[in-house]
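A.B. asks: Quick one, what's the 3D model for this:
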Amino acid sequence: MYKKTFEAYQAIEKTTSSGRETEARVLNKGAQKLIFCQNNWDSNDLQTRLKNALEFNQKIWSIFQAELTKKDNPMPKEIKDNLLRLSIFIDKRIFETMAFPNKNKLTIIININKNIAAGLMDSLKRQATPNHKLTGIKQHSRTYENSHIFNKQQQAI
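C.D. replies: As a prediction, the model looks like this:
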């Protein structure tokens with residue numbers, strides 16, 4: 001069931017957006033699911049919504065982890081290591097929140113998702129700017145490698 005849904009999504013995604021846009025959109029969706037839970041903490045269906053939101057975010061970050069640990073991932077080692085540490089932190093926060101729900105624990109995941117999504121979108125804007133020149137490892141990683149994390153591992157969702 002998930003495979004067919006993924007394949008349909010992937011076909012549409014290829015014609016409508018870049019990898020960076022997809023990653024930014026998915027990260028923002030993860031943040032929005034958590035924000036909804038925070039804003040509706042006393043609702044009757046919180047337990048189900050929170051579980052779904054946390055699992056969705058866990059899948060996003062599992063995909064990042066899988067892509068970052070591949071031997072053929074050309075992203076600079078320092079950036080991969082930093083993103084892996086960040087993903088481990090998010091994993092811990094998700095598990096902690098599953099075990100001991102508290103709406104304040106969601107804030108850091110929301111902020112990280114939103115900041116990375118904003119960085120991905122910013123790199124698209126910079127890349128679209130005429131006379132844009134890529135210089136240094138930092139520029140390279142933002143404009144190329146971060147955009148391809150989901151492209152190879154989206155099947156997990």
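A.B. asks: drop to CA atoms for contacts and neighbour counts, all remaining ones
C.D. replies: Will do.
A.B. asks: so who does Leu84 touch?
C.D. replies: The neighbours of Leu84, taking C-alpha atoms under 8 Å, 6 or more residues apart in numbering as the test, are Phe64, Gln65, Leu68.
A.B. asks: Identify the residues contacting the second one.
C.D. replies: If I follow you right, that is Gln65. Going by C-alpha under 8 Å, 6+ apart, Gln65 touches Leu84, Ser87.
A.B. asks: which SSE is it in?
C.D. replies: helix 46-68 (DSSP states H and E).
A.B. asks: List the buried residues of that helix.
C.D. replies: Within helix 46-68, the residues that count as buried by 16 or more other C-alpha atoms under 10 Å are 49-51, 53-65, 67-68.
A.B. asks: Please report the distance of Asn82 from Lys33.
C.D. replies: 25 Å (C-alpha to C-alpha, to the nearest Å).
A.B. asks: I'd like the average pLDDT over stretch 69-87.
C.D. replies: Mean pLDDT, computed over stretch 69-87, is 90.
A.B. asks: Check stretch 92-108 too.
C.D. replies: For stretch 92-108, the mean confidence score works out to 97.
A.B. asks: now that stretch: how far from the chain's centre is it?
C.D. replies: 17 Å (C-alpha atoms, centre = their mean, to the nearest Å).
A.B. asks: List the contacts of that stretch.
C.D. replies: The contact list for stretch 92-108 (C-alpha under 8 Å, 6+ apart) reads Leu34, Ile35, Cys37, Gln38, Trp41, Lys51, Leu54, Gln58, Ile109.
A.B. asks: Using PDB, list the CA coordinates for it.
C.D. replies: Extracted in PDB, the C-alpha atoms of stretch 92-108 (Å, rounded to 0.1, in the frame of the first residue of the first chain):
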ATOM      1  CA  LYS A  92      16.300  10.900  21.600                       C
ATOM      2  CA  ARG A  93      13.800  13.800  21.900                       C
ATOM      3  CA  ILE A  94      11.100  11.900  20.000                       C
ATOM      4  CA  PHE A  95      11.600   8.800  22.100                       C
ATOM      5  CA  GLU A  96      11.600  10.900  25.300                       C
ATOM      6  CA  THR A  97       8.400  12.600  24.200                       C
ATOM      7  CA  MET A  98       6.700   9.300  23.300                       C
ATOM      8  CA  ALA A  99       7.500   8.000  26.800                       C
ATOM      9  CA  PHE A 100       6.800  11.200  28.800                       C
ATOM     10  CA  PRO A 101       4.600  13.500  26.700                       C
ATOM     11  CA  ASN A 102       5.100  17.200  27.300                       C
ATOM     12  CA  LYS A 103       4.200  19.800  24.700                       C
ATOM     13  CA  ASN A 104       7.300  21.900  25.500                       C
ATOM     14  CA  LYS A 105       9.600  19.000  24.400                       C
ATOM     15  CA  LEU A 106       8.200  19.500  20.800                       C
ATOM     16  CA  THR A 107       9.600  23.000  20.400                       C
ATOM     17  CA  ILE A 108      13.200  22.100  19.700                       C
END
